[in-house]
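*Asks:* Quick one: sequence plus predicted model below, questions after.
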Amino acid sequence: MIVSPDSNIQLALQRDDSVPKVPPTKDTDLPTCLLCVCLSGSVYCEEIDITAIPPLPKETAYLYARFNKIKRVAVSDFADIPTLRRIDLTGNMIEEIEDGAFSKLLLLEELSLAENKLIKLPVLPPKLNTFNANYNRIKSRGIKANAFKRQANLSYLYLAHNALESVPLNLPETLRILHLQFNNITSITDDTFCKSNNTRYIRSRMDEIRMEGNPIILAKHPNAFSCLKTLPVGAYY
């Protein structure tokens, strides 16, 4: 079992005390709540070897199903749970996510698919603030060009330890933390982070970009970082 070393990811995905509690569900007599723990809008199904997303109480806001044997996420898994705000599926065996499985979760703010077997990204919901897909098998062709273009709230994006050959396109202006370390990124352009046609443009919200462990030599692309407050972490020689 691989545990991500990024403490800020853990804080982002586990800060239960920082969000308002949902009233206790009325569906605690579901079979799911005999196998898992259903408490105050949260469902904890961790390390119990389930192979699929279990039926959830209708008022579920937070689902923790880490370190199981889930292989697939279907549209029907969350179709009747519009109240979801956080889903953590870290450490499963997920290879397939049906189109639209998360896209209609209009309240979802945090989604972790870290430590799975994904080769492409699903369509992301519109209000997502934190997305973690570290330790998968994602290549650049598995990320659509507009995957992040309409993400108006995305602040934390973790795609480390994958197989990306390039930096994802159309990164949102809201982004603060971007982790791309230990991929296979070989090149970037002056428009990857900045705007080559606007020398006054500053990406003011970006606090951290990590790119170490990639074959790219960042010093060969000085204009690619002219709009950033700090240089990315990576090899410069």
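*Replies:* That came through, no problem.
*Asks:* the strands in this structure, which residues?
*Replies:* Remark: strands assigned in the chain by DSSP state E are 37-39, 42-44, 62-64, 72-73, 86-88, 96-97, 110-112, 130-132, 156-158, 177-179, 208-210.
*Asks:* Same list (those) but as JSON lines, adding mean pLDDT and distance to residue 234.
*Replies:* C-beta: built from backbone N, CA, C; applies to glycine. Converted to JSON lines, those look like this (pLDDT from 0 to 100; distance: least, C-beta to C-beta, whole Å):
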{"stretch": "strand 37-39", "mean pLDDT": "95", "distance to residue 234": "41"}
{"stretch": "strand 42-44", "mean pLDDT": "98", "distance to residue 234": "37"}
{"stretch": "strand 62-64", "mean pLDDT": "98", "distance to residue 234": "33"}
{"stretch": "strand 72-73", "mean pLDDT": "98", "distance to residue 234": "32"}
{"stretch": "strand 86-88", "mean pLDDT": "98", "distance to residue 234": "28"}
{"stretch": "strand 96-97", "mean pLDDT": "97", "distance to residue 234": "30"}
{"stretch": "strand 110-112", "mean pLDDT": "98", "distance to residue 234": "24"}
{"stretch": "strand 130-132", "mean pLDDT": "98", "distance to residue 234": "20"}
{"stretch": "strand 156-158", "mean pLDDT": "98", "distance to residue 234": "16"}
{"stretch": "strand 177-179", "mean pLDDT": "98", "distance to residue 234": "11"}
{"stretch": "strand 208-210", "mean pLDDT": "96", "distance to residue 234": "7"}
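*Asks:* Same list (these) but as a markdown table, adding distance to residue 221.
*Replies:* Shown next, in a markdown table, are the strands of the chain (distance: least, C-beta to C-beta, whole Å):
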| stretch | distance to residue 221 |
| --- | --- |
| strand 37-39 | 49 |
| strand 42-44 | 44 |
| strand 62-64 | 40 |
| strand 72-73 | 37 |
| strand 86-88 | 35 |
| strand 96-97 | 33 |
| strand 110-112 | 31 |
| strand 130-132 | 25 |
| strand 156-158 | 20 |
| strand 177-179 | 16 |
| strand 208-210 | 13 |
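*Asks:* Need these in a markdown table (columns: distance to residue 229 and mean neighbour count).
*Replies:* Converted to a markdown table, the strands of the chain look like this (distance: least, C-beta to C-beta, whole Å; neighbours: other C-beta atoms under 10 Å):
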| stretch | distance to residue 229 | mean neighbour count |
| --- | --- | --- |
| strand 37-39 | 41 | 17 |
| strand 42-44 | 37 | 20 |
| strand 62-64 | 33 | 22 |
| strand 72-73 | 37 | 20 |
| strand 86-88 | 29 | 23 |
| strand 96-97 | 34 | 18 |
| strand 110-112 | 25 | 23 |
| strand 130-132 | 21 | 25 |
| strand 156-158 | 17 | 24 |
| strand 177-179 | 13 | 22 |
| strand 208-210 | 10 | 19 |
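*Asks:* For residue 141, which of these is the nearest?
*Replies:* Closest approach to residue 141 among the strands of the chain is made by strand 96-97 (16.1 Å; C-beta to C-beta).
*Asks:* in the protein, which spans are helices?
*Replies:* 7-14, 32-35, 75-78 (DSSP state H).
*Asks:* can you tell me which of these the model trusts least?
*Replies:* Across the helices of the chain, helix 7-14 has the smallest mean pLDDT, namely a mean of 42.
*Asks:* so where's the chain uncertain?
*Replies:* For the chain, the stretches with pLDDT under 70 are 1-29, 235-237.
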